[in-house]
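Chemist: When you get a sec, could you give me coordinates for this:
(2 chains)
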2 protein chains.
Amino acid sequence: MMGPGPLAGIKVLDLTSVVVGPSCTLLLAQQGAEVIKLEPPEGDLLRKLGGKSRTPGMAPKFLHFNRGKHSICIDLKSEGGREVVRRLAAGVDVFVSNIRAKALARLGLDWATLAGLNPRLVYCNIAGFGAGGRYRDKPAYDTIVQGMSGMADAMGRVFGAPRYMPFVIADHMTGFLAAQAICAALVGRERSGKGQAVEVPMLENMASFVLREHMAQRSYGPEGAIGDVRMFDPNGRPARTADGFICVSPNTDAQARGFFLAAGRPDLAEDARFTSVAARVAHTDAYFAVRAELLAQRTTADWLARLEAAEVPAMQVNGIADLFSDPHLADVGLIETQQHHSEGEVLALRPANRFSDGLPALRDAPRQGEDGPAILRDLGYSESEISHLLTTAVLVP
Amino acid sequence: MMGPGPLAGIKVLDLTSVVVGPSCTLLLAQQGAEVIKLEPPEGDLLRKLGGKSRTPGMAPKFLHFNRGKHSICIDLKSEGGREVVRRLAAGVDVFVSNIRAKALARLGLDWATLAGLNPRLVYCNIAGFGAGGRYRDKPAYDTIVQGMSGMADAMGRVFGAPRYMPFVIADHMTGFLAAQAICAALVGRERSGKGQAVEVPMLENMASFVLREHMAQRSYGPEGAIGDVRMFDPNGRPARTADGFICVSPNTDAQARGFFLAAGRPDLAEDARFTSVAARVAHTDAYFAVRAELLAQRTTADWLARLEAAEVPAMQVNGIADLFSDPHLADVGLIETQQHHSEGEVLALRPANRFSDGLPALRDAPRQGEDGPAILRDLGYSESEISHLLTTAVLVP
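Modeler: The predicted model follows:
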């Protein structure tokens, strides 16, 4: 359903780049906020790093993370450029950046300065590390945060040595959390009339994620063991069928019984090694071995039909390529064909979440700086001022 | 800094369990919302499944996901129980559940019914699969969603066969996104006066996450290759040092040069195989091999000092256990000792994100149903009505 979206009327000045910040402001744009993406003269790095593109600076990953946004390209090294940012900041609801706090202060774009111009401003700094700790000025990349937060160690407990997950997942997750924190601050502002600063540090967020999952007995003191060991079990993986893989974990007594009946093995359904949780835990290896053997004998489709009839939760494993033909995703129209104004026909993702009052149609991802002059006109800059900013390379077309 | 939090005054009726929903409402509670956790007579499953506990039903993982919440334990199979929920729903700002839509409708807890009682209500259903698609009634677990969304396939591109990540990560991420969507809907409500329903489906959200990262050239048509292959590179992992592991990726020309100088190898800094991005890509294997060899020769601490001086971003790899002694996390006080009212001394996590106007102190995770009578009194139930609900097992103490 179409509608203005719950964030209609909210203006966001977005000084973020690559993934962590754009994943935050993408959510805000999807939900109706007007997002002004302010890029440096060289453009968001993701324009080039995000894969081979049809035209320069329009990498496919950039397109996915920047739907619905407007772009203005400004040189913040010039006073004229910083003046543009201050004038923008005075009129928006949200300022968000993933620039280090020290550099923001040097640019005069710290919270105290901008709050002086706009006391209703919600100011969000997505940081690698919180300002209250000694790593505050260290550079952070997704891989560094995966390494420092225990995410790579958790992977190592399964795969033998620390590994990264095959996503810049600390960036994505921190981006979601930043969008959440910004919206919470906006709720507060609507009620109090007052903006505030929000700090969203990657390490603290990812360490919290890891620890909520894996603090385990260490919650009770230094002698307690770390780790939810079920997640480190090498057997805990999609199982092989005759023609692919399947997700199935018959965990309850009824499911274990249902699984053996679905397999045509009532004898195993009565096997004392498998009839209770305690028995299955005591015979874990045997339970996994017999399941693996049975699963390998039939196709995924055969198993899915049998397990559904037996009320054992199970689903197919989709390869990434299978998502383009998954019938449920087609039903909900997750992937849509879009006519991009400079890139031609491209695939794009609609918002995953539905709002009953509707969400707006999303404009496609902007070319670098293409909305600059229009944004300056809205700010009250005259044509001659805009020409001057262009000729002095403060505004990049 | 202490303060009421940006969500102060927001009341949340929380019918979620295990991880996906509690990870959502934890954020809301941290930010000042009053969260009423409504549990079935058997309690949130995580109370038992969340690890060995000191007292029954208080598993450590449950404690981490449910700080700051109140618990009432109600049997929704009884009409008296459903009446309690309706009376609660009439007075709260947010209703959130991860119960399947069909079951909610059977209980009379669908959006249409509750909106009739409370038009300002934000109603969030965290679903496995969106109501608009054919999997709408299928059961979803974290592993099933990891398998169906392409997350397990992405892992398989690194590790040889589909694998789950060692976290219930689809639950955590969807929970973050649900909290974001709820707050966005609250922003809209503060401005329009009107609540709405929000659907947050796990599969759609996780498939979007995977596709934004890995749609790559497939964005341009069916013949395009899927995958950001840098993330599938087996070399892309924390590197071994003489005494552990380190995160370091000298990606720019300056960083590659700095790395070799830090290693005391000016000859390699001038080696034509490594002086430009194009050259390093053409000699990827040699570049990784020479780096691995050099990194293995010194300790992590030695390398960190050398690389910092050379302005090459690098950090240590923390084991999960190291997080308890990480000096930055200690500076910011991420892990705190808490005197739990029934569990004694336990470690707990403070909110990762900071709000300049402060966040409230969090009460500790509730015992099952311990706030029930007080919540009913607030709703206007008399002592004799409460006794009746207790004796008829509608309210579980």
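Chemist: Please identify which helix or strand holds the residue of the stretch 51-200 of chain A found nearest chain B.
Modeler: Nearest residue of the stretch 51-200 of chain A to chain B (C-beta to the nearest C-beta) works out as A:G188 at 3.0 Å. C-beta coordinates here come from the backbone N, C-alpha and C atoms, glycine included. Per DSSP states H and E: A:G188 is located in helix A:169-192.
Chemist: just A:T337 next, same as before
Modeler: Per DSSP H and E: strand A:335-340 holds A:T337.
Chemist: That strand pairs with which strands?
Modeler: strand A:344-349 (antiparallel) (DSSP bridges).
Chemist: List the buried residues in the strand it pairs with.
Modeler: By neighbour count on 16 or more other C-beta atoms under 10 Å in any protein chain shown, the buried set for strand A:344-349 is A:346-349.
Chemist: what about whichever helix or strand comes after it, distance to the chain center?
Modeler: Using DSSP H and E, the helix or strand that follows strand A:344-349 in sequence is strand A:354-355. Here strand A:354-355 is found 18 Å from its chain centre; the criterion is C-alpha atoms, centre = their mean, to the nearest Å.
Chemist: which residues does A:A115 contact?
Modeler: A:121, A:123, A:195, A:197 (C-beta atoms under 8 Å, 6 or more residues apart in numbering or on different chains).
Chemist: Assess the claim that the last one and A:A127 are in contact.
Modeler: Spelled out, it's A:A197. No: the criterion here is C-beta atoms under 8 Å, and A:A197 misses it with A:A127 at 11.5 Å.
Chemist: Compare those two (neighbour count), which wins?
Modeler: Taking other C-beta atoms under 10 Å in any protein chain shown, A:A197 and A:A127 do not tie; A:A127 has more neighbours (26 against 20).
Chemist: State the mean pLDDT of stretch A:81-95.
Modeler: In this model, stretch A:81-95 has an average pLDDT of 97.
Chemist: Just the CA atoms of it, as PDB, please.
Modeler: Provided in PDB are the C-alpha atoms of stretch A:81-95 (Å, rounded to 0.1, in the frame of the first residue of the first chain):
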ATOM      1  CA  GLY A  81      31.100  24.200   2.100                       C
ATOM      2  CA  ARG A  82      30.800  24.200   5.900                       C
ATOM      3  CA  GLU A  83      28.400  27.100   5.700                       C
ATOM      4  CA  VAL A  84      26.200  25.000   3.400                       C
ATOM      5  CA  VAL A  85      26.200  22.200   6.000                       C
ATOM      6  CA  ARG A  86      25.400  24.600   8.900                       C
ATOM      7  CA  ARG A  87      22.500  26.000   6.900                       C
ATOM      8  CA  LEU A  88      21.200  22.600   6.100                       C
ATOM      9  CA  ALA A  89      21.600  21.400   9.700                       C
ATOM     10  CA  ALA A  90      19.600  24.400  11.000                       C
ATOM     11  CA  GLY A  91      16.600  23.200   9.100                       C
ATOM     12  CA  VAL A  92      16.600  19.400   9.300                       C
ATOM     13  CA  ASP A  93      15.400  17.000  12.000                       C
ATOM     14  CA  VAL A  94      18.300  14.600  12.000                       C
ATOM     15  CA  PHE A  95      22.000  14.900  11.400                       C
END
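Chemist: and that stretch, does that touch chain B?
Modeler: No: applying C-beta under 8 Å from any C-beta of the partner chain, one finds stretch A:81-95 out of contact with chain B, separated by at least 9.4 Å.
Chemist: buried stuff in that stretch?
Modeler: In stretch A:81-95, counting by 16+ other C-beta under 10 Å, buried: A:81-82, A:84-86, A:88-89, A:92-95.
Chemist: Distance check, A:P166 against B:P166.
Modeler: Going from A:P166 to B:P166 by C-beta to C-beta, to the nearest Å gives 13 Å.
Chemist: can you give me the strands in the stretch 1-150 of chain A?
Modeler: A:11-15, A:34-39, A:69-73, A:94-97, A:122-127 (DSSP state E, counting those that start in this stretch).
Chemist: CA-only coordinates of the helix holding A:G188 in CSV, if you can.
Modeler: The C-alpha atoms that make up helix A:169-192 are tabulated as CSV, following Å, rounded to 0.1, in the frame of the first residue of the first chain:
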residue,chain,number,x,y,z
ILE,A,169,27.6,-7.6,9.1
ALA,A,170,28.8,-5.4,11.9
ASP,A,171,28.1,-2.5,9.5
HIS,A,172,24.6,-3.6,8.6
MET,A,173,23.6,-4.4,12.2
THR,A,174,25.0,-1.1,13.6
GLY,A,175,23.2,0.7,10.9
PHE,A,176,19.9,-0.9,11.9
LEU,A,177,20.6,0.0,15.6
ALA,A,178,21.5,3.6,14.6
ALA,A,179,18.2,4.0,12.7
GLN,A,180,16.4,2.6,15.8
ALA,A,181,18.2,5.0,18.2
ILE,A,182,17.5,8.0,15.9
CYS,A,183,13.8,7.2,15.8
ALA,A,184,13.7,6.7,19.5
ALA,A,185,15.3,10.2,19.9
LEU,A,186,12.7,11.6,17.5
VAL,A,187,9.9,10.1,19.6
GLY,A,188,11.3,11.8,22.6
ARG,A,189,11.7,15.1,20.7
GLU,A,190,8.1,15.0,19.5
ARG,A,191,7.1,14.8,23.2
SER,A,192,9.6,17.2,24.7
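Chemist: Could you tell me which strands the next helix or strand after it is paired with, and in which direction each runs?
Modeler: Toward the C-terminal end, the helix or strand that comes next after helix A:169-192 (DSSP H and E) is strand A:197-201. Partners of strand A:197-201 in the sheet, by DSSP bridges, are strand A:122-127 (parallel), strand B:354-355 (antiparallel).
Chemist: got a list of what the closest residue to A:F167 other than its chain neighbours touches?
Modeler: By the measure of C-beta to C-beta, 6 or more residues apart in numbering or on different chains, the closest residue to A:F167 outside its immediate chain neighbours is B:E213, 5.1 Å from it. B:E213 is in contact with A:61, A:167-168, A:172, B:154, B:228, B:231, counting by C-beta under 8 Å, 6+ apart.
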